[in-house]
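**Q** based on what follows, work out the 3D shape:
(one chain, ligands or ions: 1)
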Amino acid sequence: MDFEFTEEQLKLKEKVKNFVDEEVIPKIAEYDRKEEFPWEIMKKAFDLGIMNVRLPKEYGGKGLGLLDEVIVIEEVAVGCVGLATSMNVNSLGFEPIILAGNKEQKEKYLRPLTEKLKFVSFALSEYVAGSDAAGIQCKAEKKGDKYIINGSKFWITNASVSDYFVVFTKTGEDRWKKKHLTAFIVEKDWEGVKVPPKMKKLGLRVSPTCAINFKNVEVPIENMLGSEGEGFQIAMDTFNASRPAIGAFGIGLARAALKYSIKYANERKAFTTPIKNFQLIQKLIAEMVVGIEAAKLLTYKASVAIDKGKPNGTLSSCAKLLGSKVASDATREAIQIWGGRGFLSNNPVEKLYRDAKVLEIYEGTSQIQEIIIGNNALNGIYKPDR
Ligand SMILES: Cc1cc2nc3c(=O)[nH]c(=O)nc-3n(C[C@H](O)[C@H](O)[C@H](O)COP(=O)(O)OP(=O)(O)OC[C@H]3O[C@@H](n4cnc5c(N)ncnc54)[C@H](O)[C@@H]3O)c2cc1C
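**A** All right, here's what the predicted structure looks like:
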């Protein structure tokens, strides 16, 4: 057991940290205020080589592991978790292609992501079905050598800026066998695809969230991922690989909350002394530190399991569950430490608090993570002594 990052990983971490200090922290509040997609920052991140780090070398990528991606994304989340979300949703979008795509699909849709700043969205959720992924209604019907897609997706990150989407559709009726969903790669400029204006949100305002409407969209059979009926499994395997990154978002947010809390606790005086001298303030800081350190262990462990080819859904869910809770707790208590100033809009902790809540919702709510973890333990999938 070794808790150290390698030299390369430490260099990568430092590179991202410098980028966040210089390019993100001074500029991101303004993007957030305007609810604007930070194209300029994204372009710089792409040029610096810190996007899509997990794309395979075969297709022009860096071929790094999930732990490397988590290192990058944790640092970006210290600067802005909305930026981290929009950067890393590519990973959620390209994972189904890595898992189930054939050589031609990978060449056509993965390589361009390494050559130019491009985005790919993961389109599973619908207005009628989020947690209940097997209950989606967007349909794909086979017609000759094509499928015709009709229906809508909802809450799709980056849909307005993405060039293509991995779309999960219903191709059969028997939902209980979970063999009724099929995934397709759909290009945004195909006839019948429409992305309405982005939604207004509590937080994550630099990251666009949109619906996607499909009206008689013709998709060639070559764009089907895996076989008909494999969509549900592809989506679940994708989440196993993507959920540790949400743990990393949570760690980054909590680290930012801790940083601003320490700064304020040193500066602010009450009863003639800096508030850092009050033991109840020290308790809040201590809880943040414990949460961050515990979330790091779980998130890095879940990531290493995937890098070693032993994905562990229980660990991935634990990492997401804990990381998002730690972020919610830390950002809430950061406001408490900042007192009345924390409640105003022109301070850094207010944005952290607004941004944190979504971590307990997207990519499976906290309740869904608890159900996965509980079921795995009760059915012998998770073994505590392993
Ligand atoms: C900013 C943002 C970005 C998103 N990006 C994407 C994206 O890129 N792609 C995508 O496909 N989706 C995306 N989503 C959708 C997200 O994954 C869903 O919102 C989430 O899975 C929850 O689904 P729901 O909103 O339909 O809630 P529901 O499923 O309706 O759940 C409502 C409540 O009931 C609880 N609940 C549901 N079922 C159970 C149960 N069996 N037991 C106990 N409690 C239960 C939930 O935990 C929740 O508290 C995004 C959402 C947001 C807010």
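
**Q** for the rest of this, base every contact and every neighbour count on C-alpha atoms.
**A** Noted.

**Q** how close does the closest residue to the ligand within the stretch 251-386 of the chain sit to residue 154?
**A** Residue nearest to the ligand within the stretch 251-386 of the chain (C-alpha to the nearest ligand atom): residue 362, separated by 3.8 Å. As judged by C-alpha to C-alpha, to the nearest Å, residue 362 and residue 154 stand 12 Å apart.

**Q** comparing the two, which residue is more hemmed in?
**A** More neighbours surround residue 154 than the other of residue 362 and residue 154, with 20 against 15 (other C-alpha atoms under 10 Å).

**Q** so what's the more buried one up against?
**A** Listed by C-alpha atoms under 8 Å, 6 or more residues apart in numbering, the contact partners of residue 154 are 123, 125, 126, 127, 210, 211, 212.

**Q** could you tell me the phi and psi values at the first one?
**A** Dihedral angles phi and psi of residue 123 (degrees, to the nearest 10) take the values phi -110, psi 90.

**Q** that one: what's it in contact with?
**A** Contacts for residue 123 (C-alpha under 8 Å, 6+ apart) come out as 153, 154, 156, 165, 166, 167, 168.

**Q** ok, and the closest non-adjacent residue to it?
**A** Leaving aside its sequence neighbours, residue 123 sits nearest to residue 167 (C-alpha to C-alpha, 6 or more residues apart in numbering; 4.8 Å).

**Q** does that neighbour belong to a helix, a strand or coil?
**A** Classification of residue 167 by DSSP: H, G, I helix; E, B strand; the rest coil places it in strand.

**Q** kindly state the beta-bridge partners for it.
**A** Note on residue 167: beta-bridge partners by DSSP bridges are residue 123, residue 184.

**Q** tell me if I'm right that residue 158 and residue 206 touch.
**A** No - counting by C-alpha atoms under 8 Å, residue 206 is not a contact partner of residue 158; they are 10.0 Å apart.

**Q** can you list contacts of stretch 18-29?
**A** Contact with stretch 18-29 is made by 38, 41, 45, 75, 76, 78, 79, 80, as judged by C-alpha under 8 Å, 6+ apart.

**Q** one step back: so the residue nearest to residue 123 makes contact with residue 188?
**A** No - at 11.1 Å, residue 167 and residue 188 do not qualify as touching, with contact defined as C-alpha under 8 Å.

**Q** more neighbours, these two?
**A** residue 167 (25 against 19).

**Q** residues in contact with that one?
**A** By C-alpha under 8 Å, 6+ apart, the neighbours of residue 167 are 122, 123, 124, 183, 184, 185, 186.

**Q** most neighbours, which of those?
**A** residue 183 (31 neighbours).

**Q** before we move on, back to that, so how far is the ligand from the residue nearest to residue 123?
**A** Distance from residue 167 to the ligand, counting by C-alpha to the nearest ligand atom, to the nearest Å: 9 Å.

**Q** and that residue, what pLDDT?
**A** On pLDDT, residue 167 comes in at 98.

**Q** which helix is the longest one in this protein?
**A** helix 231-267 (DSSP state H).

**Q** helices and strands around it, which ones?
**A** In terms of contacts (3 or more C-alpha pairs under 8 Å, 6 or more residues apart in numbering; DSSP states H and E), helix 231-267 is packed against helix 66-79, helix 81-100, strand 164-170, strand 181-187, strand 273-274, helix 279-307, helix 313-343, helix 348-356.

**Q** which other residues reach the fifth one?
**A** What it means is strand 273-274. Outside strand 273-274, the residues that reach it (C-alpha under 8 Å, 6+ apart) are 265, 266, 267, 268.

**Q** contacting residues around the second one?
**A** Meaning residue 266. The contact partners of residue 266, by C-alpha under 8 Å, 6+ apart, come to 274, 275, 276.

**Q** can you put those in CSV and add neighbour count?
**A** What follows is the contacts of residue 266, written out as CSV (neighbours: other C-alpha atoms under 10 Å):
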residue, neighbour count
274, 14
275, 20
276, 21
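
**Q** residue 101: which of the residues you listed is nearest?
**A** residue 276 (53.9 Å; C-alpha to C-alpha).

**Q** which residue packs closest to the closest one, ignoring adjacent ones?
**A** Closest to residue 276 by C-alpha to C-alpha, 6+ apart is residue 265, at 4.7 Å.
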